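[1] Below are the sequence and a predicted model; questions follow.
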Amino acid sequence: MSNARQEVRQCEKRMSYDQRQPTSNSNKLDHQTTASQMNSSSKTNRKILLLHGNQQTGDILLGRINKLKKSLWQELGFDIIAPDAPHLFSEQDDMDCVDADVDADADSDKWKRTWWHRRGNTYRGMEESLSMLDQLWNNRNQEFVAIFGFSQGSRLAHIISVIHIITNGRAFPGLQCVIHFSGYGDCSLPDNLTSFLNDYWNASLPSSILSSPTSLDNTRIHIPSLHVMGELDALIPLKSSEALMQSYINPSSQIHPGNHFVPVKRLDIDRYITFLSEAIGDRSTPNQQLTANASTPSKSNNSISPQPDEEHALAQIDEVAALAQIFPSEFRLLSKSTPTNPAHYDPDDYFGENRSYEHPIRYSIILQPQDECSRQIEETLWPPRNISLCIQYPVQYPDVEPLVSLIHDMNYFEFSMETSNALMDAVRKAIMEEAGMPCGMGMVYAARSFFQEGGLATCISTLSSAVTNLPDTETEHREDIVPSLLKLSNPSRIKLCNAQGLQIASTLLYRDDDGIDGSTSDTTLATRGGKGGIWRYTVGLIGKPSAGKSTFFNAATAFARQRGEADGYRPFEASDVNDDNGVLLGGASMAAHPFTTIDPNIGYCLIPAPPGACPEDEENAAAAINQCGLILGSSHGRDSNGRRLIPACLKDVAGLVPGAYQGRGRGNKFLDDLTDADVLVHIVDASGSSDAEGNKFCSEGSVDDLIHPINDLEWVRNELVEWVYFNVSSKWDGIVRKGKQKLLDMFSGYKQNQAFTYDVFSAVEKFVKENEGRERIFDDLESWDDGDLHRLVSAFLGARFPMALAMNKSDIPPAEQHISDINSKLPLHGAHVGVGMSAHEEMLFVRQQVMRTMKNSSSHSLPSQPKCCRIWDCLQSAMTLREPAVVFPVNDWKTYEPMPGMANYTTRDSSLPNHAFVNCIVASGGCAPSQWSDKRCAYVAELKDNSKHALRDVLLMKPGSTVEHVFQGLKGMGVLDGDFVRAEAACMLGDKPKPVLKSDIIQRHNRILRIMTTKRKTWQKH
């Protein structure tokens, strides 16, 4: 044992030196702390034991995973200790070695180390290695909680895990999890292990082990384990690593597309950190977590995998269902699910109502198009065999990033590691661009775009001459694009069918909602908001490049872009002011050239409530307010016309160019960004001074030199239609075989529920019957031509994405004439209403107020700008096209005072306007939010005069929401507790409240609502 003790002392000496003096060498321990800091924290900092592979050293392996080491230290406070094996590698002594990790960096035999010399199934020298590690593990200055093992080191980590279990945790105490990199378990444990255990840990071994040494191979290990293996690993094939997993209870696995190495890309590191966080968590004293009995695993180690809460689970399942419908031939669910109604089980139906999912959800999507037509066109752009994107959801997804890997069976020459890395970089970028949001579709489009834009040819020079381009125009090679089962039609019929689709959509949008008395039209599209619940209402900004979308966005959000700081974005700060003439406001980028906005900007804007949506909008409301002596409130303020301002998300995406549906410009990525929107605002350059690509070509000249903005309306609408059309038509043969339900599922995949889609289908079917005499067209899909499909797509998009026009640059001649022309022809090309404006002027006004706020001084003389509210008018007109159901929760029927439990929402919610935004509201003639304190320049829960503002709070609910949805929403916000007892509702101020049922749909006649529960918070009145 003297050699082992000497190795321990050398290892401790090296660690002591590394702790005293950090070094830039990546092969050394890279602590960024002083000696005193290390000494004070050495007893509390948790450590991970890293065991290198055969013919390696600890320093070599540690240097190769330096990024992982730094991430574990920075994010979890874990340190990695990587001792060298006590034995020198010898060609003669290791002739039977099967896990030789030949290392090019080890340029001298004297640096090659091994944990044992193998002879048959005897591991000579294993005893010294185990005793050395046992002494290191029990060093009083160390607190090990996990083991990382690579190749031969993984085998040693497995042996340690077995010893830990059979000694009831007395050997290697505090071991809480293990990660095996390129581990193997398709052979028996070494023959000399039992004798060593008898000599070294005799007092700790159960008699069953001593009497039957072969029982070691049957040991079941309940320590949480993660098994990382490479698809192309020729040294340790997948089946060998999978055999090792059989020894562990509830093992986790990760397959990477490489060979024999430890993967340390960012996605891999995130997976390891997630595993460690779930396996170890915040347990402060690992040594107290010993297993009581090997046959009865501890509760913490044998527990069910962490489950997402209801909100995260619903978001995950909704995205899975949407992806399964959009990519039916490419999608494959890898995790388990159980049908809720086995008698009516549909294997292609992935919606949450029909399946119960086991978490974590894991699935794959084949990246190559599976329809024959697309494959023929794009064949040279893709690898020779299918490649899939494998996605797994962590518990907190979409708030955190998903776990992503590639699945394929190609060798290095067919799909190189350089290509794999470049592809994953593109996917990673898509994940970062959509941080905090579902990003499944974005990842698939990013991966497909990588190949479609020649990524394979870039990485493999021999393929460069084989890359082909898609057709330049819609009509070129049309016979090759349209599937054979979808009949061709002439351009005039397609144009007619598109117009008919818009007509059908208009009939759906303009149906009457319920009246004041609660009466409801039989044709009300009550479900067009999707599933019931609180609505995170989102307005999408579209238009060609340089039309003024980013300027509109900055004015509407007061430059407060809401992407996370991890993306490099943040709200403005006082330190951003450079001088009197310039300021870095942190909004969306603005410039007179295409694609200034490369990634979507997301921020909160304020929108005046649709006319008649609020009780104070009624004719007799003023009399009731005066009679009751009420002070009306508004959580987000009011504009100069007294209109209540309500919050919504505003999403500005990269400019659209002709041919985007074929991948030009930002292509499918742009179109995918729109699926989050509930209504669209098309920013139009009313001056006509830029071409379809967004290039400014004229600053002076005659009207004849300009392009009429009506042309922009037409081709932008066409891009949206063709995007969905080509997505559906490429799968038409499969749709025809499976029938109407499959087509319904396809359209429901665009983040809309089936009830909404069914209403659109019914309206289309009714229209065709009345105008063409064809009945039940969805039961006869074989007879369809591409005109029929265009009609359906046009109707769906018209209802799914109703559009308002922001006719921008009204201050530039001849915009006035263009605006007049467009307004006289509305509705037109999917647009229903239009508002003329100068977003630039409004942006300057907002900028002025932001600068005043940032300088925090009235002594600065700033130029006066006009008070502009046309952007609010435009946003209101857009919301009116697809109104939310608004609810006013109250606590008292006499004063209509708000629920005290809503205080957190009205003082801390991220949708509340900041100081600069409040100044913009007031400067434009409006009123600040009710809980805003001018003196403190902040939101306060209690006002100085203790006044209670009537109808202060409003909730935006999806159409079709019920009273129960409101109740669940308030519980989720922490406003209510307990079970629902009863509820009362009224329409207008002064009305006598009436009882309502949980199942009653929220409409204007029951918009003022008071809910009682069994468990009352301290503020609730009896």
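    The structure has been received and is ready for your questions.

[2] Quick check: residue 509 vs residue 151, distance?
    For residue 509, the distance to residue 151 (Cβ to Cβ, to the nearest Å) stands at 63 Å. Glycine gets a C-beta too; all of them are placed from N, C-alpha and C.

[3] cool, and residue 971?
    For residue 971 relative to residue 151 (Cβ to Cβ), the value is 52 Å.

[4] More neighbours: which of these two?
    More neighbours surround residue 151 than the other of residue 971 and residue 151, with 29 against 16 (other Cβ atoms under 10 Å).

[5] Spit out the contact partners of that one.
    Shown in contact with residue 151 (Cβ atoms under 8 Å, 6 or more residues apart in numbering): 53, 54, 99, 101, 181, 182, 183, 235, 236, 260.

[6] of those residues, closest to residue 798?
    Of all those, residue 798 sits closest to residue 181, with 53.6 Å by Cβ to Cβ.

[7] what's the neighbour count on the closest one?
    Residue 181, neighbours per other Cβ under 10 Å, totals 30.

[8] residues contacting it?
    Neighbour list for residue 181: 148, 149, 150, 151, 153, 154, 228, 262 [criterion: Cβ under 8 Å, 6+ apart].

[9] So which of the residues you listed belong to helices?
    Counting by DSSP state H, the contacts of residue 181 place 153, 154 in helices.

[10] And the average pLDDT for stretch 928-946 is what?
    Across stretch 928-946, the average pLDDT comes to 84.

[11] next one: stretch 757-776
    Averaging pLDDT along stretch 757-776 gives 93.

[12] now that stretch, how far from the chain's geometric center?
    On the basis of Cα atoms, centre = their mean, to the nearest Å, stretch 757-776 sits 36 Å off its chain's mean C-alpha point.

[13] Check stretch 976-988 too.
    Relative to its chain's centre, stretch 976-988 lies at 34 Å (Cα atoms, centre = their mean).

[14] Between the two ends of it, what distance do you get?
    Stretch 976-988 has its terminal residues 24 Å apart, counting by Cα to Cα, to the nearest Å.

[15] Can you list the neighbours in contact with it?
    Contacting residues not belonging to stretch 976-988 are listed as 516, 518, 615, 618, 620-621, 624, 893, 899, 901, 963-964, 967, 970-971, 992-998, 1000, 1004-1017 [Cβ under 8 Å, 6+ apart].

[16] Filter those down to just the ones in strands.
    Mapping these onto strands (DSSP state E) picks out 994, 995, 996, 1008, 1009, 1010, 1011, 1012, 1013.

[17] Now for this protein, the helix or strand with the poorest mean pLDDT.
    The helix or strand of the chain with the lowest confidence, counting by mean pLDDT, DSSP states H and E, is helix 35-41 at a mean of 34.

[18] Skip the chain neighbours and tell me the closest residue to residue 539.
    Closest residue to residue 539 apart from its sequence neighbours, by Cβ to Cβ, 6 or more residues apart in numbering: residue 650 at 5.3 Å.

[19] in a strand, that's where the one you found is, yeah?
    Yes: using DSSP: H, G, I helix; E, B strand; the rest coil, the assignment for residue 650 is a strand.
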